[in-house]
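In: coords below, sequence missing:
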RNA sequence: UGCCUGAUAGUAUAAUGGUAGUACGACGGUUUUUGGUACCGUUUGUCUAGGUUCGAAUCCUGGUCGGGCAACCA
């Protein structure tokens, strides 16, 4: 069963390290989200990589919240992140927070000050930016850079003690103002923020910057392989510098390309905007590329893991086709979901030779993909049924294997019917299709000898339940909204959500959230969180692959 | 015009000096009580110019193109 997949470049590094005996062959990774938003499919790639690496090489993974900026962070996000990682199927070794290390980080800063490798700068943000120079011109030192160790020690202590307002002073590393790497031009280590922190409360009014927190946190935890995305490549020099100056455990940073996917955006900032401005219901709106949105939509966790496996890990920028994700979702759902019938755009079918008032109970397989079967359910049948409007055509073209006057189809799990006539209303809309059925053609005991090309789904008018069905389409009209001119929101797909009322077979009253079902010929559907006993609400997870399109004959290709 | 990165079918991803392969997509076919699934087939690729070598996607040099870097964000 195990399909051979070649190693990605991170796995090659890990295997090389293990065989070289580095860290005694130990593998400890970490997933380090900032709790300032919900996790999306891009994070899933990172989660699957970090936890997957640990699983594959007998290691462990820590969940560490990078909570160094209290003004943007919130416990709501911490809770959602934990829930999402668990739902994806991963267990972390330890639940940790960068804020757990605030005391140690402060001590590290003092150590650097004492080594004359850090100083307190009173400049404004604008002044500091100006003094940093440009990529082609070196930065220039200011008078604060030469403060004495004693003065720096005292000033930094005063910063911590709350003697200064926000922005009055910062602590900077003294590295190299002329470095071609902008991140080495005396980067900020601490800034003053009189803000309440979700974990440390009001204990601190100075908070470390990412660069002074992340690498040290990795080192404290003795992380062996610290994986992040490409944009952190220039930070690696700083990462290494702090670890070296402080003589800490030599964690190493490795960078990979982030996931981009067509027809969506993958930035927490942009996703937050969609939520705040009400373009979507919430972070878990089924159109969102968030883990919670995909869960609500009905994507199985296993299919997301499979997707992350298939997209690979490399260093080049990439744009993954949404169709690959949908393939993974369908592949999983096809194997694992029960089949049911639902009519989304109903038109009445009357069986003229089936006695009115008579009814019978038919059976249908739950899942034909399961070897040996997966049980059956009962389906009521009588002379009036709802069928899909698109399954009838007044003037059917060739190769239309559905209904039209004179055409026959199999009613799924029931009889073969032949269309005799139809009824229109004053506006010319077809309202009823009249058929005759063949009594000997009953599913499972067909002795009619008749073969029909098409099979359509249906539900009994008398027994059908109504349900609200939410049909989703891609969130954006263009493949890469972020690269288009103007605001990305201009490219939202106005038809990304369509709400309709459908008729569904009675058994669907037993549908459960998180246990998607296939509506035969229509797609996969998952009960929504807003569904109630009185009002069923389904989300369309994904359509079935549709190979046939009316009026779109395929021109012959090739030859010659 | 500085530094850092990267470039293989439409999209991803392998080939680690020795036959350019796989998946998704698209297209066609077989099977089918889902125009689904499954199975089979077709299609399309090494950014460019030199060099090293018996042999280069791979090594070297120059160019081209893409991405990133000058937040008190991560």
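Out: Yep, it's here. The structure presented is a predicted model; accordingly, all values stated were derived computationally and were not measured. Residues are numbered from 1 along each chain as shown, chains lettered A, B, ... in the order given.
In: in chain A, where is pLDDT below threshold?
Out: Scanning chain A for pLDDT under 70 picks out A:1-4, A:550-560.
In: per-domain residue ranges of it.
Out: Using automatic domain parsing, the domain parsing of chain A gives A:9-256, A:268-338+A:467-542, A:342-457.
In: which stretch among those comes nearest residue A:549?
Out: domain A:342-457 (10.9 Å; Cβ to Cβ). From N, CA and C alone the C-beta is placed, and that goes for glycine too.
In: wait, does the closest one contact RNA strand B?
Out: Yes - against RNA strand B, domain A:342-457 shows contacts by Cβ under 7 Å from any atom of the strand at A:368-369, A:399-402, A:410, A:412-413, A:442-444, A:446, A:454-457.
In: do stretch A:313-323 as well
Out: Yes - Stretch A:313-323 lies within reach of RNA strand B by Cβ under 7 Å from any atom of the strand, at A:313, A:314, A:315, A:316, A:317, A:318, A:319, A:320, A:321, A:323.
In: contacts for that stretch?
Out: A:8-10, A:45, A:49, A:230, A:255-257, A:259-264, A:311, A:474, A:479-480 (Cβ atoms under 8 Å, 6 or more residues apart in numbering).
In: what of stretch A:440-452?
Out: A:362, A:363, A:401, A:408, A:409, A:410, A:412, A:413, A:414, A:415, A:416, A:438.
In: re earlier: of the contacts of stretch A:313-323, list those near RNA strand B.
Out: When Cβ under 7 Å from any atom of the strand is applied, the members of these adjacent to RNA strand B are A:8, A:9, A:230, A:257, A:311.
In: need these in JSON lines with secondary structure and neighbour count, can you?
Out: JSON lines is the format used below for these (DSSP: H, G, I helix; E, B strand; the rest coil; neighbours: other Cβ atoms under 10 Å):
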{"residue": "A:8", "secondary structure": "coil", "neighbour count": "16"}
{"residue": "A:9", "secondary structure": "helix", "neighbour count": "13"}
{"residue": "A:230", "secondary structure": "helix", "neighbour count": "13"}
{"residue": "A:257", "secondary structure": "coil", "neighbour count": "17"}
{"residue": "A:311", "secondary structure": "helix", "neighbour count": "20"}
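In: ok, back up a step: residue A:548: which of the domains of chain A is closest?
Out: domain A:342-457 (8.4 Å).
In: number of nearby residues for residue A:24?
Out: Using other Cβ atoms under 10 Å, residue A:24 has 7 neighbouring residues.
In: am I right that it falls within a helix?
Out: Yes - under DSSP: H, G, I helix; E, B strand; the rest coil, residue A:24 falls within a helix.
In: next, count neighbours for residue A:458.
Out: Residue A:458, neighbours per other Cβ under 10 Å, totals 27.
In: go on, the one 4 residues further on?
Out: Counted by other Cβ under 10 Å, the residues lying close to residue A:462 total 12.
In: do residue A:531 as well
Out: Close neighbours of residue A:531, defined as other Cβ under 10 Å, add up to 18.
In: pretty sure residue A:225 contacts residue A:53?
Out: Yes - counting by Cβ atoms under 8 Å, residue A:225 does reach residue A:53; the two are 6.9 Å apart.
In: helices of chain A, start to end?
Out: According to DSSP state H, chain A carries its helices in the segments A:9-19, A:41-56, A:75-87, A:102-114, A:125-131, A:149-161, A:210-221, A:236-245, A:268-276, A:291-297, A:301-311, A:322-336.
In: which one of these is the most hemmed in?
Out: helix A:291-297 (a mean of 25; mean count of other Cβ atoms under 10 Å).
In: run through who's touching it.
Out: A:38-41, A:43-44, A:80, A:83-84, A:87-88, A:283-288, A:301, A:304, A:472, A:514, A:526, A:528-529, A:539, A:541.
In: what about it, distance to the chain center?
Out: For helix A:291-297, the separation from the chain centroid amounts to 7 Å (computed by Cα atoms, centre = their mean, to the nearest Å).
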